[in-house]
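> Build me a structure from this.
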Amino acid sequence: MNKIVRDHYPVANLPEDLREGFADDATVRVVVEVDGKTSLDRNLYPGLSESQDEPRKPMTAAELIERIREYQRHHPEGVTTEEAVARIRALRDEWDDE
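Below you'll find the model as predicted:
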């Protein structure tokens, strides 16, 4: 559990709504704790399904390869080997010219 404790914290540094009832020159003990499950926990990995709370078994090699192929089918904006080699050679040639 996450917990932050500050002893002898100046009241003057607190937000206005928390200063009520304290002298401006007083010090207080501040404890901040996470209250239950927060929305931040659910969005640790954005883009994943809402079933993040369910434990998942590791993918097999075949499942991984199928996922990669599926991704490539839906994202065809990749480059061919020839295009990649041409780009690398062009960059290399820029450095050779200097």
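
> mind giving me the domain split of the chain?
Following automatic domain parsing, one finds the domains of the chain at 1-36, 57-98.

> CSV for those domains, including mean pLDDT?
Formatted as CSV, the domains of the chain follow (pLDDT from 0 to 100):
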stretch, mean pLDDT
domain 1-36, 90
domain 57-98, 89
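
> now the ones you listed as a markdown table including mean neighbour count?
C-beta: built from backbone N, CA, C; applies to glycine. As requested, the domains of the chain are exported to a markdown table (neighbours: other CB atoms under 10 Å):
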| stretch | mean neighbour count |
| --- | --- |
| domain 1-36 | 10 |
| domain 57-98 | 9 |
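
> so is Leu64 in a helix, a strand, or just coil?
With DSSP: H, G, I helix; E, B strand; the rest coil as the basis, Leu64 sits in helix.

> Could you export the helix or strand encompassing Arg89 as CSV, CA atoms only?
Arg89 is located in helix 81-97, with elements delineated by DSSP states H and E. Extracted as CSV, the C-alpha positions of helix 81-97 are listed here (Å, rounded to 0.1, in the frame of the first residue of the first chain):
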residue,chain,number,x,y,z
THR,A,81,13.9,-4.8,-46.7
GLU,A,82,15.0,-3.0,-49.9
GLU,A,83,13.6,0.4,-48.7
ALA,A,84,15.2,0.0,-45.3
VAL,A,85,18.6,-0.8,-46.9
ALA,A,86,18.3,2.2,-49.2
ARG,A,87,17.6,4.5,-46.3
ILE,A,88,20.5,3.2,-44.3
ARG,A,89,22.9,3.5,-47.3
ALA,A,90,21.7,7.1,-47.9
LEU,A,91,22.4,8.0,-44.3
ARG,A,92,25.8,6.3,-44.4
ASP,A,93,26.6,8.2,-47.6
GLU,A,94,25.7,11.5,-45.9
TRP,A,95,28.3,10.7,-43.2
ASP,A,96,30.9,9.7,-45.8
ASP,A,97,30.5,13.1,-47.6
